[in-house]
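K.L.:
structure, please.
(chains A, B, C and D)
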2 protein chains.
Amino acid sequence: MSETVPRPTLEAVAARAGVSRATVSRVVNGSDGVREPLAERVRQAVEELGYVPNQAARSLVTKRHDAIAVIVAEPETRVFSDPFFARQLRGISKELTAHDNQLVLLLTEGRDDHARVGRYLAGGHVDGALVFSLHIDDPLPELIQRAGLPAVFGGRPDWGGGRGGVVYVDSDNRGGARDAVRHLLGLGRSRVAHITGALDQTSAVDRLDGFRDVMVGADPGLVVEGDFTAAGGERAMRELLDHCPGLDAVFAANDLTAAGALRVLREHGRRVPDDVAVVGFDDMLPIAEQTDPPLTTVRQDIEGMGRLMARLLLRDLDRDTTADAAVGGSPSSVILPTTLVRRASA
Amino acid sequence: MSETVPRPTLEAVAARAGVSRATVSRVVNGSDGVREPLAERVRQAVEELGYVPNQAARSLVTKRHDAIAVIVAEPETRVFSDPFFARQLRGISKELTAHDNQLVLLLTEGRDDHARVGRYLAGGHVDGALVFSLHIDDPLPELIQRAGLPAVFGGRPDWGGGRGGVVYVDSDNRGGARDAVRHLLGLGRSRVAHITGALDQTSAVDRLDGFRDVMVGADPGLVVEGDFTAAGGERAMRELLDHCPGLDAVFAANDLTAAGALRVLREHGRRVPDDVAVVGFDDMLPIAEQTDPPLTTVRQDIEGMGRLMARLLLRDLDRDTTADAAVGGSPSSVILPTTLVRRASA
DNA sequence: CCGACGGGCCGGAGCGCTCTCGGATCACAT
DNA sequence: ATGTGATCCGAGAGCGCTCCGGCCCGTCGG
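P.N.:
Reported below is the predicted structural model:
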């Protein structure tokens, strides 16, 4: 019924083309040293038989799998509540498939999942790993290293990336924040507040740092901690309005936060942007376009981040393969630029 | 430097434990026929050497890969603009890892990608496929069948699923729509309008059907086509207000559409829910909670859908393996119930 | 006490592929 | 005609695993 027809093997193709396995292998893998007429005969046999190489057998000898693990720590619900994840994945996918690599997705649930992931990585199924949202006490890097796999991290890791040549890709959160605040100042605002993100995430810390870079010596009361959610934005905005009723601008750590802030501002009768200008971060659609008024925000190239992560990893991979020595040294981390998107809120 | 230590093989473990490969294999795979003292010695050797079986070698002989492909058609940008995708993936992932299966993600870009996917599926890397948003002219089912792989589809396929025992999992879009409309009627509304989704998607068609089930013989002018976007919702709402200014309720095909409709209603000075009650679909967070007023909507169990898809597929797989004959017949499609979530808009 | 029987364990074959060698072939120069 | 490379191709080994057949040894009936 669902009985699979046994797929043709190299040998079958060889027999049909009247050559040896080795020759077929050469043709299939595009190495030279096979004269044209013969090669053509082989190609035809491949065609006729619908031959597709058996990856398992190939991996067994090459020790290459042409597969990359993408590891996402599930507790980061943020990853799931916004389209970031999907966009990044899309970038990764594009880059990987362009190089004939497969994407194996590992969503880790909790603590105990690490054992599973470790076993998997050690099991030699993949050639490398792409890892998201790493925390300081995360055993993942250790596991990956023990498995002898190269890895690239998404977002600056907690410990600053200073350790053992960790490679990561991140947006220029700090620079983006500076741009946002400068834009606000450029609008003639002077009492600029900041609602931070969840400060256990480096992106939130970096954005706060960027804010401070520009607002040196500002009233510390103008900074209130949020958590990247709309509810957090509302709460923080209320607090802000309470303590600093004179503020004329708000830089929110992300668009969701900004949306919450906007609601509270409206509730309190403040007009945006006339009374208070608001800038968000992420350019998270459709949120950013749907707020009232539409949000001025800092856009980052999410898909590009994903693609870049994959590219760095792949480069590392065939550096190992092709070169005898390190050709260009290990790859190093990359910070991607952001751009300010002007809409109506500031 | 990044030189990998050669991983221990079965043979190495066997040598250390003073037994044969076969015995180690038995112990590792949990088959019986090895007496306890020996088994223990083997287990210890495994431990000491940190042995992990080589999957490639194993697959080569078992023809099993313990991996499932998840195929998502990229053009469905809807998939990427809302968290559906991630949620479903999460459900799938949970179920798969619980059964020690890996998740290989295939995002297909366009037409020409099908060749790649086909090759991959035929390449014998995976044991089955989970497929999303299939269209009527999609070559995917053909490819999958040719590769001899079992598959489960997400969402009712275009051609109605009547063909060749296609198995799919879907929400009860029609029933959910009925609930929504009945709720509106229960509120005493009588001129209920519907803004549809993109009607080339079965979910949109089903929701429309559900609407019609309840509103038999209603003014056809009360149904306007949307496209699942907020902009589409705005456009449709304007049209509706133009042609049927007397309407007192709107059932929107999804929450984004509802959000657009809400904006236009406010713009026209209609109060929600006093003048016009609005119900959405999806309970897409954070949108549904953030609209003004918060949206009454129909919730579907996205994660459950994913999990169920995976479960059906896995069941199908080891039905092939274990049973001599069909134990319980082929699995069949499942429709998951929806629930109405009451908030302020209706 | 011997032969039959059976469960526990081992050796070997082989999954489909790659890759190293060495043999065959051919052009060209000797 | 023969040597000489360079070039092309094939045979064979083996990657790490599973599984089959058979050997060995313990057990029991006669």
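K.L.:
and chain A, which residues reach DNA strand D?
P.N.:
Neighbours of DNA strand D within chain A, by CB under 7 Å from any atom of the strand: A:18-23, A:32-35, A:38-39, A:57, A:60-61. The C-beta positions use only the backbone N, C-alpha and C, and glycine is treated the same way.
K.L.:
among the residues you listed, which lie within helices?
P.N.:
Using DSSP state H to define helices, the subset of the residues of chain A next to DNA strand D located there is A:Arg21, A:Ala22, A:Thr23, A:Leu38, A:Ala39, A:Ala57, A:Leu60, A:Val61.
K.L.:
just flag the most distant two among the residues you listed.
P.N.:
A:Leu38 and A:Leu60 (26.9 Å; CB to CB).
K.L.:
what about burial for the ones in helices among the residues of chain A next to DNA strand D, which qualify?
P.N.:
A:Thr23, A:Ala39, A:Ala57, A:Leu60 (16 or more other CB atoms under 10 Å in any protein chain shown).
K.L.:
got the residues you listed as TSV, with distance to A:His194 columns?
P.N.:
What follows is those, written out as TSV (distance: CB to CB, whole Å):
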residue	distance to A:His194
A:Thr23	67
A:Ala39	65
A:Ala57	58
A:Leu60	56
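K.L.:
export those residues to TSV and tack on pLDDT and distance to B:Gly304?
P.N.:
Shown next, in TSV, are those (pLDDT from 0 to 100; distance: CB to CB, whole Å):
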residue	pLDDT	distance to B:Gly304
A:Thr23	90	53
A:Ala39	88	52
A:Ala57	92	38
A:Leu60	91	38
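K.L.:
up against chain B, what does the stretch 101-250 of chain A have?
P.N.:
With CB under 8 Å from any CB of the partner chain as the criterion, the stretch 101-250 of chain A meets chain B at residues A:102-107, A:109, A:113, A:116, A:119-120, A:122-125, A:148, A:150, A:229-230.
K.L.:
among the residues you listed, which are located in helices?
P.N.:
A:Asp113, A:Arg116, A:Arg119, A:Tyr120, A:Ala122, A:Ala230.
K.L.:
so what's the residue lying closest to the third one once chain neighbours are set aside up against?
P.N.:
Distances taken as CB to CB, 6 or more residues apart in numbering or on different chains put B:Val52 closest to A:Arg119, at 6.5 Å, once the chain neighbours are dropped. Shown in contact with B:Val52 (CB atoms under 8 Å, 6 or more residues apart in numbering or on different chains): A:Arg119, A:Ala122, A:Gly123, A:Gly124, B:Arg7.
K.L.:
now, among the residues you listed, which is nearest to DNA strand C?
P.N.:
Taking CB to the nearest atom of the strand as the measure, DNA strand C sits nearest to A:Gly124 out of these, at 14.4 Å.
K.L.:
near the closest residue to the closest one other than its chain neighbours, how many other residues are there?
P.N.:
Nearest residue to A:Gly124, sequence neighbours excluded (CB to CB, 6+ apart): B:Asn54, at 6.0 Å. The number of residues packed near B:Asn54 is 20, by other CB atoms under 10 Å in any protein chain shown.
K.L.:
strands along the stretch 101-250 of chain A, start to end?
P.N.:
Under the criterion DSSP state E, counting those that start in this stretch, strands of the stretch 101-250 of chain A are mapped to A:102-108, A:128-132, A:151-154, A:168-171, A:192-195, A:223-224, A:249-252.
K.L.:
can I get the ones you listed in a markdown table including mean pLDDT and mean neighbour count?
P.N.:
Converted to a markdown table, those look like this (pLDDT from 0 to 100; neighbours: other CB atoms under 10 Å in any protein chain shown):
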| stretch | mean pLDDT | mean neighbour count |
| --- | --- | --- |
| strand A:102-108 | 92 | 22 |
| strand A:128-132 | 93 | 23 |
| strand A:151-154 | 93 | 25 |
| strand A:168-171 | 94 | 23 |
| strand A:192-195 | 98 | 28 |
| strand A:223-224 | 97 | 20 |
| strand A:249-252 | 98 | 31 |
